[in-house]
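Enquirer: what's the 3D shape of this:
(chains A and B)
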There are 2 protein chains.
Amino acid sequence: MLNIRQAILNDVPLLYSLIQEMANYEQLPVLISKQTLEKDGFRAQAKFRALIADFDGEPAGYAFFFDSYSTFQGRGLFLEDLFVRPRFRKNKVGLALLSRVAAIAEQEHCFGVMLHVLDWNEIAIQFYKKLDATFLDDWKTVCLIGPAVKQLIASGKPGV
Amino acid sequence: MLNIRQAILNDVPLLYSLIQEMANYEQLPVLISKQTLEKDGFRAQAKFRALIADFDGEPAGYAFFFDSYSTFQGRGLFLEDLFVRPRFRKNKVGLALLSRVAAIAEQEHCFGVMLHVLDWNEIAIQFYKKLDATFLDDWKTVCLIGPAVKQLIASGKPGV
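Expert: Numbering: from 1, shown residues only, chains lettered A, B, ... in the order given. Presented below is the predicted three-dimensional model:
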C-alpha cells in the first residue's frame, strides 16, 4: 500500500539518502549536508518542504519543493525534486507524490507548480507531457554562482 | 545619482506599474493585483522581496526575487524580474540592482542567484554572458497549471 506523508525532522537521514540516489541518477554531485537540510527545512521559517512516499512500509520516493512567486500570477510552488527508487517504479508513486504537491498548491491558492527537467531525461519528459504540463521552451535557465557572484558584488562597490 | 533601496509597502503602486511595463516588454499578460502584491510581499512571512533603483530621484527599475532551494547546494535566490525603464538604460542600473541581489545572496549564505531569460531577449542574454553566468541549456522549464493541476489532484483521490 502506498502512503504519502510530510517529511519530519527524523526523516533527514532518509531524505539525505534519497537525495544522494537522485543525484546519482542525474549524474550531479551533492554538496549539501544533513545538518543543512535539518536547519533549512525543519526549523522556524523553513526554506523547503518534502513529502515521503512509503510503499508497503518502505520508503519509495520523495518530492521536494519550495514556495515560488511569479509577478504575473502570484504564488506558486517550485518542485525541485521528484524521485522514485527504481525498484518501486510502475506503482504510480511519482504520480501520487506529484498529485499531493498539486493539492497543496491548490489549497494554498498557488497558480501552479513549476519545475525543471533535464533534456535527456525522456522518462520524466513523457511523464509530464502525459499530465498536460506546459513546456516553456523559450525560457533559458541561468545561474550566477561562485566567481560570477563575487565579481558582480565587487562591481557594485563605490569607486569601481 | 543612482540609489538602490528595498521596496516598502508604499512602493506597491510603483512596483505594480513597473511590473506592467516589464510585462509589456515581455509581451505577457499580468494577472496579479496590487492587493496581492501587498499581501504577499509586505506582511509577515513575505513570499518575495523587491529592490527599487532611483536615478536622480526618479524610479528607474526594479529587481524582484524570492528564496529558492537546491537539494544539491542549499539556499539560493531566484531572480524573477530585473527591469530597467528604457529611458534609464546605459546607466548601469540593471548591473547595480543585480549586484545588490548578489550581495544579499552572499550575506544570506546562498550558493548563488538563479533566473530565467527568454530566448529571444538577446540584450538580456548578452548582459548575463558578460557577467560569466552559467547557462543551464540542458534544463527545460515545465509548468503545471489550470486544468493540468485539477486533473492531477483528481488522479490522487481514492478510487481513481
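
Enquirer: Quick one: distance of the strand ranked longest in chain A to the chain centre.
Expert: If you go by DSSP state E, chain A has its longest strand at strand A:58-70. A distance of 4 Å separates the C-alpha centroid of strand A:58-70 from that of its chain, computed with C-alpha atoms, centre = their mean, to the nearest Å.

Enquirer: That one pairs with which strands?
Expert: Strand A:58-70 pairs in its sheet with strand A:49-55 (antiparallel), strand A:74-84 (antiparallel), by DSSP bridges.

Enquirer: Report the contact partners of the spatially most central residue of chain A.
Expert: With the centre of chain A defined as its mean C-alpha position, the nearest residue by C-alpha atoms, centre = their mean is A:E80, 1.8 Å away. By C-beta atoms under 8 Å, 6 or more residues apart in numbering or on different chains, A:E80 lies in contact with A:48, A:64-66, A:115, B:69-71. Every residue, glycine included, has its C-beta placed from N, CA and C.

Enquirer: and stretch A:30-40, which residues are buried?
Expert: A:30, A:32, A:36-37, A:40 (16 or more other C-beta atoms under 10 Å in any protein chain shown).

Enquirer: And the residue nearest to the centre of chain A, how close does it get to A:D67?
Expert: 11 Å (C-beta to C-beta, to the nearest Å).

Enquirer: next one: A:D138
Expert: 25 Å.

Enquirer: okay, these two: which has more neighbours?
Expert: More crowded of A:D138 and A:D67, by other C-beta atoms under 10 Å in any protein chain shown: A:D67, with 22 against 12.

Enquirer: circling back: can you give me the buried ones in the longest strand of chain A?
Expert: Using 16+ other C-beta under 10 Å as the test for burial, strand A:58-70 gives A:59-70.

Enquirer: so where's chain A uncertain?
Expert: Scanning chain A for pLDDT under 70 picks out the ranges A:158-160.

Enquirer: the strands in it, which residues?
Expert: Counting by DSSP E, the strands of chain A are A:2-6, A:49-55, A:58-70, A:74-84, A:112-118, A:134-135, A:139-145.

Enquirer: how about those strands in JSON lines, adding distance to B:I125?
Expert: Shown next, in JSON lines, are these (distance: least, C-beta to C-beta, whole Å):
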{"stretch": "strand A:2-6", "distance to B:I125": "40"}
{"stretch": "strand A:49-55", "distance to B:I125": "33"}
{"stretch": "strand A:58-70", "distance to B:I125": "21"}
{"stretch": "strand A:74-84", "distance to B:I125": "23"}
{"stretch": "strand A:112-118", "distance to B:I125": "18"}
{"stretch": "strand A:134-135", "distance to B:I125": "20"}
{"stretch": "strand A:139-145", "distance to B:I125": "7"}
